[in-house]
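[1] Make a model of this:
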Amino acid sequence: MRKSELPVKICSACGRPMSWRKRWAKVWDAVKYCSERCRRSR
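    Numbering: from 1, shown residues only. Okay, here's the model as predicted:
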């Protein structure tokens, strides 16, 4: 699978697009923030 074919979401805090990561595979539906900094600053 190419990187361009991976799912993309928009961060709730900063509005930047974030691409799928392997460590998010099981919780992809629950991911809202691109980083800890965004999660803390909501």
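[2] Counting neighbours, what do you get for Met1?
    6 (other CB atoms under 10 Å). Just so you know, the C-beta spots here come from the backbone N, C-alpha and C atoms, and that holds for glycine as well.
[3] That one and Cys34, how far apart?
    21 Å (CB to CB, to the nearest Å).
[4] can you give me the helices in the chain?
    36-41 (DSSP state H).
[5] Break down it into its strands, ranges please.
    Remark: strands assigned in the chain by DSSP state E are 8-10, 17-19.
[6] same for the first one, what does it pack against?
    Packed against strand 8-10, as judged by 3 or more CB pairs under 8 Å, 6 or more residues apart in numbering; DSSP states H and E, are the following elements: strand 17-19.
[7] Same check on the last one?
    Packing partners of strand 17-19 (3+ CB pairs under 8 Å, 6+ apart): strand 8-10.
[8] Show me which residues of the strand it packs on are buried.
    Going by neighbour count (16 or more other CB atoms under 10 Å), the buried part of strand 8-10 is Lys9.
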